[in-house]
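[1] I need the structure of the sequence given here:
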Amino acid sequence: MNYDICLIGTKDTTVRLAEYLMENICKIDCIITIDAGQMDIANISGFYPVEEFASERGIEIFRAPTYSLKDKMSKSFFGENTFGIGICMGWQRLIPLEVLECFRSGVFGFHGSCGYLPYGRGRSPMNWSIINGDTRFILNLFQYDEKADSPNVYKNQVFEISPFDTIRTLQYKSLLVAYDLAAQLIGDYRNGTICIKHKSKDFDTFYPKRTPEDGKISFGSKTREIYNLVRGVTRPFPGAFVHIKDKGGKITVWDAVPFDTILDFSGYQPGEIIDIFDNMPLVRTVDGALLIREYESDGDRLEKGAILGE
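    Coordinates of the predicted model:
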C-alpha cells in the first residue's frame, strides 16, 4: 500500500491539524499513532485516541504497539508499505532513522522556542517558554533526522506569548501557525519544490525533560515566577501543586493570578492564606500575593491561616 500523505501523532492537536488539512488542503492517507494502552507507559499529557476521527473520515490508521517504533509490528508496517511525506503533530519521541528513510520526501515536525533552531532543542518547549517568562515563540516546521530538533528548517513563523497565555492558549496559537506552515509544505511537496535550510548561525541549547514533580510550587519564589509555572503546566498537563504544611494534603493549582504587590502583607508568612474570597484563596508570596482561582484538593478545602509549602 502507498500512503502519500501521513500524519504522525497522539494528541488532540493531531486531530485538529488533520481536520484542517482534510477540509482545506488535501486527503490524509494514514494517521500513525500509538495504541491507547501505551498512554500511561509513555506518560503523554493530552493523549487523544484518533481512531474514531480516522474511522469517520475513511483514513487508514496504524496503531504502533510501542512509542519507539522499534517493535516487530512497526518494522513490518514500514517495511511492507511505501510513503510520500510525513507530518508530525503531537509526537514526542525521536523517530528511528530507518522509519524516516521510508518516506520519499521525508518526515517533518514542529518545534520552537524564543530563539532560532538549534536554540531551544529538547523537551516541552512551550511549557518552558511560559515558565521562563518568554514573550515570543518561533514555531519551526523542520525535517526530521536521527537527532533531536536539528536545524533542518523548512519555514518558521513568530507569534506572541502574552502575559495572559496559558499552555493551552499557546497550543491554540501554535495550531493556527501550524495550519499555514503545513499547507505551504504540502503545496511545495506536490510541486517538488521543498527547500530546506540546514545551516544556522545560532547556538545549541536544550530544554530538559519535565516530569509532574517539576510542577511543585515554592512560595519562596516571586509572584511572577509562580504565576508563570501555574499557567505553564495547567491543563492538559498535570498542573502545578503544593502541599499543606504539617497536614500533607496535596493541592493542585489549575489557575492563579498575581493579586497585588503594594499592599502590606508582612503580617503573614510566604505561603500563608491571607483570606478567601468567593472560594478563592489569597496567598502571601515573597513580593506580594497570589489569588488561586481554581484548585483541587485531595483532602479538605483550603482555609484562612493555612500554610502552603514544605
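
[2] which residues in the stretch 151-300 of the chain form strands?
    Listed in chain order, the strands of the stretch 151-300 of the chain (DSSP state E, counting those that start in this stretch) span 153-160, 206-207, 240-243, 250-260, 273-277, 280-285, 288-297.

[3] I'd like these written out as TSV, with mean pLDDT added.
    Shown next, in TSV, are the strands of the stretch 151-300 of the chain (pLDDT from 0 to 100):
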stretch	mean pLDDT
strand 153-160	98
strand 206-207	96
strand 240-243	97
strand 250-260	97
strand 273-277	98
strand 280-285	98
strand 288-297	97
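
[4] can you pull the contacts of residue 239?
    Neighbouring residues of residue 239 by CB atoms under 8 Å, 6 or more residues apart in numbering: 215, 233, 252, 253, 254, 296. Glycine gets a C-beta too; all of them are placed from N, C-alpha and C.

[5] and with 10 Å instead?
    212, 215, 230, 233, 251, 252, 253, 254, 255, 294, 295, 296 (CB atoms under 10 Å, 6 or more residues apart in numbering).

[6] okay, now the residue nearest to it when sequence neighbours are not counted: neighbour count?
    Nearest residue to residue 239, sequence neighbours excluded (CB to CB, 6 or more residues apart in numbering): residue 252, at 4.5 Å. Per other CB atoms under 10 Å, the neighbour tally for residue 252 reads 17.

[7] So for residue 44, which of the strands of the stretch 151-300 of the chain sits nearest?
    Residue 44 sits nearest to strand 206-207 of all the strands of the stretch 151-300 of the chain, at 17.4 Å, using CB to CB.

[8] List the strands paired with the closest one, with their directions.
    Strand pairing for strand 206-207, using DSSP bridges, gives strand 121-122 (parallel).

[9] could the strands of the stretch 151-300 of the chain go into CSV alongside distance to residue 89?
    Output for the strands of the stretch 151-300 of the chain, formatted as CSV (distance: least, CB to CB, whole Å):
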stretch, distance to residue 89
strand 153-160, 14
strand 206-207, 19
strand 240-243, 26
strand 250-260, 25
strand 273-277, 40
strand 280-285, 36
strand 288-297, 28
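
[10] which one of those lies closest to residue 187?
    strand 153-160 (11.3 Å).

[11] List of residues touching the closest one?
    Contacts to strand 153-160, defined as CB under 10 Å, 6+ apart, come from residues 106, 108, 110-112, 114, 116-118, 135-143, 165, 170, 173-174, 176-178, 180-182, 184-185, 188, 194-200.

[12] For this protein, identify the residue most remote from the centre.
    Distance from the C-alpha centroid of the chain, by CA atoms, centre = their mean, peaks at residue 267 (39.5 Å).

[13] That one and residue 275 touch, don't they?
    No: the pair residue 267 / residue 275 is not scored as a contact, 11.9 Å apart, by CB atoms under 10 Å.

[14] I'd say residue 226 and residue 233 touch.
    No: counting by CB under 10 Å, residue 233 is not a contact partner of residue 226; they are 11.4 Å apart.

[15] Overlap of the contact sets of the two?
    Common contact partners of residue 226 and residue 233 (CB under 10 Å, 6+ apart): 240, 253.

[16] Just the buried residues of the helix ranked longest in the chain, please?
    Counting by DSSP state H, the longest helix found in the chain is helix 167-191. Along helix 167-191, these residues count as buried under the neighbour rule (16 or more other CB atoms under 10 Å): 167, 170-171, 173-175, 177-179, 181-182, 184-186, 188-189.

[17] Can you report phi and psi for residue 71?
    phi -80, psi 170 (degrees, to the nearest 10).

[18] Quick check: residue 142 vs residue 105, distance?
    Going from residue 142 to residue 105 by CB to CB, to the nearest Å gives 14 Å.

[19] higher neighbour count, the two?
    Neighbour comparison, residue 142 and residue 105: the larger count goes to residue 142, with 24 against 17 (by other CB under 10 Å).

[20] Now do the same contact list for that one.
    Residues near residue 142 by CB under 10 Å, 6+ apart: 106, 108-112, 117, 149-156, 196-198.

[21] switch to 7 Å and redo it
    Contact analysis of residue 142 by CB atoms under 7 Å, 6 or more residues apart in numbering lists 108, 109, 111, 117, 152, 153, 154.

[22] what's near enough to touch the first one?
    The contact partners of residue 108, by CB under 7 Å, 6+ apart, come to 86, 87, 88, 141, 142, 143, 144, 154, 185.

[23] and which of those is nearest residue 246?
    Using CB to CB, residue 88 comes nearest to residue 246 of the contacts of residue 108, at 46.7 Å.
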